[in-house]
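*Asks:* turn this into a structure:
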Amino acid sequence: MPQNDPQDFLSVNPVFSRPGEATAVSKTQIPQGEMAPETAYQIVHDETMLDGNARLNLATFVSTWMDSHADRLYAETYDKNMIDKDEYPQTAAIEQYCWKMLAGLWNSPDPTGTIGTSTIGSSEACMLGGLAFKRLWQHRRRSEGKSTEKPNLVMSSAVQVCWEKFCNYFDIEPRLVPISEEHKCLDGFELENYVDENTIGVVAIMGVTYTGMYEPVKAVAAKLDEIQASTGLDIPIHVDAASGGMIAPFIQPELEWDFKLERVHSISTSGHKYGLVYPGLGWVVWRERQWLPEDLIFYVSYLGGDMPTFALNFSRPGAQVVLQFYLFLRLGFDGYKKVQQASQDVALFLSRGISEIGPFELWNDGSDIPVFAWRLKEGHTDRWTLYNLADRLRTKGWLVPAYPLPANLQDLTVERIVVRNGLSMDLAGRLLDDIREETSYLNNLSAPMPAERKHPGFHH
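*Replies:* Numbers count the residues shown, from 1 in each chain. I've put the predicted structure just below:
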């Protein structure tokens, strides 16, 4: 082995290596010689074995399981390039089938006459919705002979980081409405203090990443109606429904949040979250064709064809789009309703059980999307924190994150569980037993836990 730090190399188990092959390979340099595929496979396989068990990862919203038929379709379509609509016209047609289904699900006035697209994930979908807002605002301002400088976007301080990226990358001022104990999400309170003639739009979240709560889109729209009546400002809404867009239509059909509200111009969701597809897939749909400016659409000549594209990415996988169509056919409305209701049932079971454990107080209970958070009761203990509980649960394989809430409540730490398809009631019972056991262990400490390492901000 070269005289370098051993940590820079991967060792090859003698059982798997072939005669003449190296016994160690660099992690950071392409090796000079070849290696048998069986050996390379085993090295990479063993490396990924160090990852956690995806079924026990209660931090992520992303799908970690699909059935065997989906796996077969994935293997059959992994080579399809979504952008190459000339070479793969049927995959392009399937993409249209899917967003038109979503337009109908979200009550577009004309599902077949509007427009939408697939994306790599809901972050890209959000950015496309935001770009449409900015471009329409610019067009209107120019037509009125007004400045197009200093556009702003209004949203909750609890938005997912993709919105902060959008504002940073596209030179937009983010106006973050802080959450509080009284207003746990963006609900229209004091919204008039954040909007002005430079506001390109307001973002409402159906399933806040931090806690899983729905922001009341109807109340936000009503507040914007009041603002328009008093100021003349006509401000649209983009609904970031990364999670709730594939939950609310099925198990909360009475909730008004989608294109039934005229002020909602666009909606985005994650196919790879509660759309139940492997990562990465997102969708964005506009209420009507007029809300996507034509000058954001490119018509490109690619491999002999001429095709429209309005994605931020160019070449990207088409397999996940095929998988989404498979699930729409496989499950239908009734199937999605059963799957999402089962997840919510597990979330309510867990939140109820955790609320009955003495030290904890629920922030929300999982009755919106099947996600909930809790905190330590004030004054319960100075010997341990939710970070200690998260560490104890990790020793049993569970990944249950603890983190501070965003600005204005950054001194408040919560712990959160995301219930996804695959977390059965039986597994949930085991998790609840482990939480009780580890909480009892922490409560019985005779002295404070050692000083914690510095915990970073929210990442999930």
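*Asks:* show me where pLDDT drops low in the stretch 351-460 of the chain?
*Replies:* Across the stretch 351-460 of the chain, residues meeting the criterion (pLDDT under 70) sit at 452-460.
*Asks:* so where do the strands sit in it?
*Replies:* 360-362, 371-376, 402-404, 413-418 (DSSP state E, counting those that start in this stretch).
*Asks:* quick one: the second one to chain centroid distance?
*Replies:* On the basis of C-alpha atoms, centre = their mean, to the nearest Å, strand 371-376 is displaced by 18 Å from the centre of the chain it belongs to.
*Asks:* could you list the buried residues of stretch 313-333?
*Replies:* For stretch 313-333, the neighbour count (16 or more other C-beta atoms under 10 Å) marks 316-328, 331 as buried. (C-beta placed from N, C-alpha, C; glycine too.)
*Asks:* and stretch 249-256, by the same measure?
*Replies:* Neighbour-count burial for stretch 249-256 flags 249-252, 255 (criterion: 16+ other C-beta under 10 Å).
*Asks:* among those, which lie within strands?
*Replies:* Among the buried residues of stretch 249-256, none falls in strands (DSSP state E).
*Asks:* can you count the residues close to the residue nearest to Thr309 when sequence neighbours are not counted?
*Replies:* Distance criterion C-beta to C-beta, 6 or more residues apart in numbering; nearest residue to Thr309, sequence neighbours excluded, is Phe298 at 5.2 Å. For Phe298, the count of nearby residues is 11 (other C-beta atoms under 10 Å).
*Asks:* so what's Ser118 bridging to?
*Replies:* As for beta bridges, Ser118 partners with Trp283 under DSSP bridges.
*Asks:* return the residues in contact with it.
*Replies:* 82, 95, 98-99, 271, 281-283, 320-321, 324 (C-beta atoms under 8 Å, 6 or more residues apart in numbering).
*Asks:* tell me which of those residues is nearest to Asn198?
*Replies:* Of all the contacts of Ser118, Gly282 has the smallest distance to Asn198: 27.7 Å, by C-beta to C-beta.
*Asks:* tell me the spacing between Arg316 and Ser123.
*Replies:* 13 Å (C-beta to C-beta, to the nearest Å).
*Asks:* and for Trp291?
*Replies:* Distance of Trp291 to Ser123, given as C-beta to C-beta: 20 Å.
*Asks:* so between the two, which is more surrounded?
*Replies:* Shown here are Trp291 and Ser123; by other C-beta under 10 Å, Ser123 has more neighbours (21 against 18).
*Asks:* for that one, which non-adjacent residue is closest in space?
*Replies:* Ser123 sits nearest to Cys162 (C-beta to C-beta, 6+ apart), 3.6 Å away.
*Asks:* which residue ranges of the stretch 151-300 of the chain form strands?
*Replies:* Going by DSSP E, counting those that start in this stretch, the stretch 151-300 of the chain shows strands at 152-156, 173-177, 199-205, 237-240, 264-270, 282-286, 298-302.
*Asks:* adding distance to Asp368 and mean pLDDT, write those out as a markdown table.
*Replies:* Shown next, in a markdown table, are the strands of the stretch 151-300 of the chain (distance: least, C-beta to C-beta, whole Å; pLDDT from 0 to 100):
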| stretch | distance to Asp368 | mean pLDDT |
| --- | --- | --- |
| strand 152-156 | 14 | 98 |
| strand 173-177 | 19 | 97 |
| strand 199-205 | 10 | 98 |
| strand 237-240 | 14 | 98 |
| strand 264-270 | 15 | 98 |
| strand 282-286 | 20 | 98 |
| strand 298-302 | 37 | 67 |
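*Asks:* nearest to Ile227, of those strands?
*Replies:* Among these, strand 199-205 sits nearest to Ile227 (C-beta to C-beta), with 9.6 Å.
*Asks:* what's the helix or strand for Ala92?
*Replies:* If you go by DSSP states H and E, Ala92 is part of helix 89-105.
*Asks:* any weak-confidence spans in the stretch 201-350 of the chain?
*Replies:* For the stretch 201-350 of the chain, residues meeting the criterion pLDDT under 70 lie at 300-308.
*Asks:* mind listing the helices for it?
*Replies:* Assigned helices in the stretch 201-350 of the chain, in chain order: 217-231, 248-251, 319-355 (criterion: DSSP state H, counting those that start in this stretch).
*Asks:* could I get the ones you listed as a markdown table with distance to Ala103?
*Replies:* What follows is these, written out as a markdown table (distance: least, C-beta to C-beta, whole Å):
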| stretch | distance to Ala103 |
| --- | --- |
| helix 217-231 | 17 |
| helix 248-251 | 12 |
| helix 319-355 | 13 |
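*Asks:* and of those, who's closest to Leu276?
*Replies:* Closest approach to Leu276 among the helices of the stretch 201-350 of the chain is made by helix 319-355 (5.5 Å; C-beta to C-beta).
*Asks:* centre of the chain to that closest one, how far?
*Replies:* How far helix 319-355 lies from its chain's middle: 15 Å, per C-alpha atoms, centre = their mean.
*Asks:* do the same with stretch 242-249
*Replies:* Counting by C-alpha atoms, centre = their mean, stretch 242-249 comes out at 11 Å from the chain centroid.
*Asks:* residues in contact with that stretch?
*Replies:* For stretch 242-249, the surrounding residues in contact (C-beta under 8 Å, 6+ apart) are 61, 102, 105-106, 122, 126, 160, 205-207, 209, 212, 214, 239, 241, 255, 257-258, 267-271, 273-276, 282, 336, 340, 344, 368-371.
*Asks:* kindly report the same for stretch 350-357.
*Replies:* Here stretch 350-357 makes contact (C-beta under 8 Å, 6+ apart) with 360-362, 364-366, 372, 374, 417, 419, 428, 431-432, 435-436, 439.
*Asks:* now do the same contact list for the residue nearest to Leu281 when sequence neighbours are not counted.
*Replies:* What sits nearest to Leu281 in space, not counting adjacent residues and going by C-beta to C-beta, 6+ apart, is Gly271, at 3.4 Å. By C-beta under 8 Å, 6+ apart, Gly271 lies in contact with 118, 246, 277, 281-283, 320-321, 324.
*Asks:* again with Ile235
*Replies:* 154, 195, 199, 201-202, 224, 227-228, 263.
*Asks:* what do you get for Val371?
*Replies:* Applying C-beta under 8 Å, 6+ apart, the residues contacting Val371 are 61, 207, 211-212, 243, 347, 416-419.
*Asks:* next one: Val414
*Replies:* By C-beta under 8 Å, 6+ apart, the contact set of Val414 is 210-211, 363, 373-375, 386, 402-405.
*Asks:* just name the closest of the buried residues of stretch 313-333 to Pro31, please.
*Replies:* For the buried residues of stretch 313-333, the nearest to Pro31 is Pro317 (27.8 Å; C-beta to C-beta).
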